[in-house]
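Novice: what shape does this take:
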Amino acid sequence: MSSNAAAQVHVNARVRSDLIHKTRRATLSKNMQRLGLSLPSESYPLSSPGADGPEFLLNSPPQRALSEYARRSRLSLAAFVASIRGQTSSDYRPNKNMVPVVIDELCNDYRHLDQLKEIVLNGVEVRLRATPSRQTLRPPNHGSARDRINVLRTNIRKEQDAWRCLVRCMDLLKQWPEIVISPFGVVDKGNEDATSSGRTIHDLSFPEGSSINDCTDQDRLTVVVARATHTPSKRRYFNTLPVPDVVIEMDASDFGLCALDISAHEALTCQFTAPEGTLIRNFQNGEANGFDINYCELLRVRLPSKCGARAGLPTLHVTVDRSTYTSASTIPQLSLGKTSYRRAIRMLNWWETSFQLRFSASHIAGVDNTRADAGSRIAANSSFATQFASLTRDWLQVSPTVDIQGLNKIWQRISALTPLPTPRMTNTAER
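Specialist: Numbers count the residues shown, from 1 in each chain. Sure, this is the predicted structure:
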């Protein structure tokens, strides 16, 4: 496709999206008028002057108007969301930008095309084996959200104005008690100014064993496997990867890390030291100390790297959850400005080139990762230790004696005292 054609495609998509937005507003406005309400304009200011600079604002007029619409209409939560999206009996698409005929053309050879089209036409249908328990205690936000409320409001406002999230009044929790409140938090975003930029995170506050994943009928799900890999030569494999020589299951928690070499029946567990535990708690209370979830995920990739070196094998296939998958993809992470991130990734790259390893990653659902999850939580309480022991009976148990600070010292020795050799270039296609 030429650059001119691509530009025209982009313009056409934008025009279609704008038309969909105007149609949705007109339909919603008509529904609200029946109840004596009007839909506010989209001209509400982004900020107001404050003593310490601009104070960023949520779009409160539609928040109040649509909350009143929910009260007067007495719609269920599902029906209210459908009304906001402009879903009708003749066109129930949740996302109007998804066009079935376009999906037919672009994905005509996709194995699950029929199921994909069903999602486009009617949304995702989640079949539950049990109803999740109602949340009785509404948790407060993390300290980081309170300390950086301006950043949190900015991020939410972007989603609110794009109609990608709903901001409503708290009293609607009585009308929709099935809603689960998840505490917000804000973490640093690369090397950007922490006072004006950050990444919004939130916990999923379900009691253990009763989350949506736990209650979902797993037998009714279509299993779609996505795999990616990274090598020092920047080679990418799509759909099919070379068969791995070592498969590692991993997980991390606030208490430690766990890596399981499945074929060798070797379990590596590492509990965070007291100072590291303090860093984690302080971060959760709002201190920007860099010990966030992304860094913990990188640490669990570093933990089992010695397995491949010990075995002298060319490939180390790391099977982890989705968030660690993004951390294991090293090239995007090199843009992060944090020294701890860069140091962790450089050590991984040094191991790759020095021991002729290749790291790749794939996603496994948390419900299928109970063994590694229990291993990462041994220090939490005795029940996890008992569960892990029963799941790894007769396995070789290894607990590294080097803590996180020790790993950092190893890197300092590597980078300061050892001239790094030029890696032996190998043809990765032959492996």
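
Novice: what residues does the residue nearest to residue 55 when sequence neighbours are not counted make contact with?
Specialist: Across the structure, with Cβ to Cβ, 6 or more residues apart in numbering as the measure, the residue nearest residue 55 apart from its sequence neighbours is residue 48 (5.4 Å). For the C-beta atoms, the positions are set from N, CA and C on the backbone; glycine is no exception. The neighbourhood of residue 48, defined by Cβ atoms under 8 Å, 6 or more residues apart in numbering, consists of 54-55, 57.

Novice: can you pull the buried residues of the lengthiest helix in the chain?
Specialist: When secondary structure is assigned using DSSP state H, the longest helix within the chain turns out to be helix 3-33. Applying a neighbour-count criterion of 16 or more other Cβ atoms under 10 Å, the buried positions in helix 3-33 are 20-21, 24, 27-28, 31-32.

Novice: what lines up beside the next helix or strand along the chain from it in the sheet?
Specialist: The element immediately downstream of helix 3-33 (helix or strand, assigned by DSSP states H and E) is strand 47-48. Strands flanking strand 47-48 in the sheet, each with its direction: strand 55-56 (antiparallel) (DSSP bridges).

Novice: residues in contact with the strand it pairs with?
Specialist: Outside strand 55-56, the residues that touch it by Cβ under 8 Å, 6+ apart are 46-49, 150, 153-154, 157.

Novice: out of these, the closest to residue 170 would be?
Specialist: residue 153 (16.1 Å; Cβ to Cβ).

Novice: quick check: which helices or strands does the helix or strand where that closest one lies pack against?
Specialist: For residue 153, the element it lies in under DSSP H and E is helix 149-161. Using 3 or more Cβ pairs under 8 Å, 6 or more residues apart in numbering; DSSP states H and E, the elements in contact with helix 149-161 are strand 55-56, strand 184-187, strand 199-202.

Novice: buried residues in that helix, which are they?
Specialist: Buried-residue list, helix 149-161, by 16+ other Cβ under 10 Å: 150-157, 160.

Novice: mean confidence for the very next helix or strand once past that helix?
Specialist: Later in the chain than helix 149-161, the nearest helix or strand by DSSP H and E is helix 172-175. Taken as a whole, helix 172-175 carries a mean pLDDT of 95.

Novice: now stretch 379-392
Specialist: For stretch 379-392, the mean pLDDT works out to 90.

Novice: just to revisit the earlier point, format the buried residues of helix 3-33 as JSON lines; extra columns: distance to residue 94 and pLDDT.
Specialist: Listed next are the buried residues of helix 3-33 as JSON lines, based on distance: Cβ to Cβ, whole Å; pLDDT from 0 to 100:
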{"residue": "20", "distance to residue 94": "12", "pLDDT": "90"}
{"residue": "21", "distance to residue 94": "15", "pLDDT": "91"}
{"residue": "24", "distance to residue 94": "12", "pLDDT": "91"}
{"residue": "27", "distance to residue 94": "14", "pLDDT": "93"}
{"residue": "28", "distance to residue 94": "15", "pLDDT": "94"}
{"residue": "31", "distance to residue 94": "17", "pLDDT": "94"}
{"residue": "32", "distance to residue 94": "20", "pLDDT": "96"}
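
Novice: looking at those residues, which one is closest to residue 262?
Specialist: So of the buried residues of helix 3-33, ranked by how close each gets to residue 262 (Cβ to Cβ), first place is residue 20, at 47.4 Å.

Novice: that closest one contacts residue 93, doesn't it?
Specialist: No: if you go by Cβ atoms under 8 Å, residue 20 and residue 93 don't touch, sitting 9.9 Å apart.

Novice: can you count the residues close to the closest residue to residue 284 other than its chain neighbours?
Specialist: Here the nearest residue to residue 284 in space, its sequence neighbours aside, is residue 142; by Cβ to Cβ, 6+ apart that works out to 6.1 Å. The local packing of residue 142 (other Cβ atoms under 10 Å) involves 22 other residues.

Novice: please name the residues that touch residue 142.
Specialist: The neighbours of residue 142, taking Cβ under 8 Å, 6+ apart as the test, are 183-186, 284-286.

Novice: how much space between it and residue 155?
Specialist: 14 Å (Cβ to Cβ, to the nearest Å).

Novice: same check, this time on residue 104
Specialist: Separation of residue 104 from residue 155 (Cβ to Cβ) stands at 36 Å.

Novice: now swap in residue 139 and tell me
Specialist: Separation of residue 139 from residue 155 (Cβ to Cβ): 19 Å.

Novice: what residues go with each domain of this structure?
Specialist: Structural domains annotated on the chain: 3-218, 225-430, as defined by automatic domain parsing.

Novice: lowest average pLDDT across those?
Specialist: Across the domains of the chain, domain 225-430 gives the lowest mean pLDDT, at a mean of 65.

Novice: quick one: which helix or strand includes residue 94?
Specialist: Secondary structure from DSSP H and E places residue 94 outside every helix and strand.

Novice: wait, it touches residue 118, no?
Specialist: No: if you go by Cβ under 8 Å, residue 94 and residue 118 don't touch, sitting 11.9 Å apart.
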